[in-house]
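need a structure here:
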Amino acid sequence: MKVSKSFHWEMGHRLPFHQGKCINLHGHSYRMYVEVEGDLDENGMLIDFYDLKRIINPLVEELDHAFMVYKNDTDLITLLEKFPTKKVVVGFQSSVENISQYMCDKISGAGLPGNIKAVRVKVYETSDAYAEAEKVL
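Sure thing, here's the model as predicted:
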């Protein structure tokens with residue numbers, strides 16, 4: 001059985017290695033679809049959507065209206081520290097591929113019930129472009 005729920009957040013980033021526009025500071029309205037797969041419990045449910053929200057919302061809230069910055073982008077970190085702004089410093093470039101893997105790993109380790117066997121995360125950076133990551137538990 002599979003169930004899925006969507007989440008969204010606003011977040012800024014940049015890709016300092018990029019040869020095009022994404023080298024600039026910019027932001028996206030991210031949409032994430034989280035799909036979990038596993039066996040139904042004794043009540044005929046895989047997971048209650050309320051419980052899925054309870055697990056994932058804090059992870060999304062950490063990113064919402066934040067600026068995600070790569071830990072080696074020291075010039076940008078120095079700049080962001082001059083403002084009272086929310087930032088998330090990560091050990092990877094903030095491509096949508098890396099963000100989807102990051103969220104998949106975070107969700108997989110966030111206390112899902114034992115009947116969940118796999119997690120799939122699809123993160124849309126724009127309305128027509130996404131990356132997908134999967135983790136088998």
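
Shouldn't residue 82 be within a helix?
No - residue assignment for residue 82, taken from DSSP: H, G, I helix; E, B strand; the rest coil, gives coil, which places it outside any helix.

For it, give its distance to residue 76.
From residue 82 across to residue 76, the span is 11 Å (Cβ to Cβ, to the nearest Å). For glycine as for every other residue, the C-beta is placed from the backbone atoms N, C-alpha and C.

Which one of the two is surrounded by more residues?
The residue with more neighbours, out of residue 82 and residue 76 and counting by other Cβ atoms under 10 Å, is residue 76; that gives 18 against 7.

And the more buried one, how close does it get to residue 25?
Taken as Cβ to Cβ, the spacing of residue 76 relative to residue 25 amounts to 8 Å.

Are there residues contacting both of those two? Which ones?
Shared contacts of residue 76 and residue 25, defined by Cβ atoms under 8 Å, 6 or more residues apart in numbering, comprise residue 14.

Need the pLDDT of the spatially most central residue of the chain.
Against the mean C-alpha coordinate of the chain, by Cα atoms, centre = their mean, the closest residue is residue 103 at 3.7 Å. Turning to residue 103, the model gives it a pLDDT of 98.

From residue 83, how far off is it?
Per Cβ to Cβ, residue 103 is found 26 Å from residue 83.

so residue 76, which of the three states?
Residue 76 falls in the helix class when you classify it by three-state DSSP.

bridging residues for the spatially closest residue to it that is not a sequence neighbour?
If the residues on either side of it in the chain are set aside, residue 76 comes closest to residue 69, at 5.2 Å by Cβ to Cβ, 6 or more residues apart in numbering. With DSSP bridges as the criterion, the beta-bridge partners of residue 69 are residue 89.

Identify the residues contacting residue 69.
Contacts were defined as Cβ under 8 Å, 6+ apart; by that measure residue 69 touches 13, 14, 76, 77, 80, 87, 88, 89, 90, 94.

Over to residue 38?
Residue 38 sits next to 1, 46, 47, 113, 115, 116, 117, 118 when contact means Cβ under 8 Å, 6+ apart.

Could you give the bridge partners of it?
Once the bridges are assigned, which here means DSSP bridges, residue 38 pairs with residue 116.

per-residue confidence at it?
In this model, residue 38 is scored at 98, pLDDT.
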